[in-house]
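>>> what shape does this take:
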Amino acid sequence: MFAAEQPLEVSITDACLTNFDLNKTNMRNDTLMIAYDMSLNVTLRNTQPSVGLYYDTVQAEAYYAGELFAAMTLLPF
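Purely as a prediction, here's the structure:
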């Protein structure tokens, strides 16, 4: 017997941007590069406490205007 997969409740509880630079990569065109240091505290809550969960792989992705600009694999939990 298998339990139906239930989504986790995911929330960002804290965000910190310590560096943000926007520079042209080439003076002959309008190509821009953004460099930043950002840290996030993420809270994941099991919506079914009677069922234990273990995740081997969780991929966090950040998008702006539909474009992926950052991705990170989180440690298993």
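>>> how close does Phe77 get to Glu67?
When Cβ to Cβ, to the nearest Å is applied, the distance between Phe77 and Glu67 equals 28 Å. In this view, the C-beta of every residue, glycine as well, is placed from N, C-alpha and C.
>>> residues near Thr25, how many?
Thr25: 9 surrounding residues under other Cβ atoms under 10 Å.
>>> Thr31 is in contact with that one, correct?
Yes. With contacts counted by Cβ atoms under 8 Å, Thr25 reaches Thr31, the gap being 4.7 Å.
>>> in contact with Ala70, which residues are there?
Applying Cβ atoms under 8 Å, 6 or more residues apart in numbering to Ala70 gives the contacts 38, 61-62.
>>> and it, what element?
Ala70 belongs to strand 67-74 when assigned by DSSP states H and E.
>>> for the strand of greatest length in the chain, name the packing helices and strands.
Of all segments of type strand in the chain, defined using DSSP state E, the longest is strand 9-24. With contacts defined as 3 or more Cβ pairs under 8 Å, 6 or more residues apart in numbering; DSSP states H and E, strand 9-24 has these neighbours: strand 32-45.
>>> if you count contacts, what does the strand it packs on end up packed against?
If contacts are counted by 3+ Cβ pairs under 8 Å, 6+ apart, strand 32-45 sits against strand 9-24, strand 67-74.
>>> any idea which of those gets closest to Thr57?
In this view, the helices and strands packed on strand 32-45 are compared for proximity to Thr57 by Cβ to Cβ, and strand 67-74 is the closest at 6.5 Å.
>>> spell out the secondary structure type for the most far-flung residue of the chain relative to its centre.
Of all residues in the chain, Arg28 sits farthest from the chain's C-alpha centroid, using Cα atoms, centre = their mean; the distance is 33.6 Å. For Arg28, the secondary-structure state derived from DSSP: H, G, I helix; E, B strand; the rest coil is coil.
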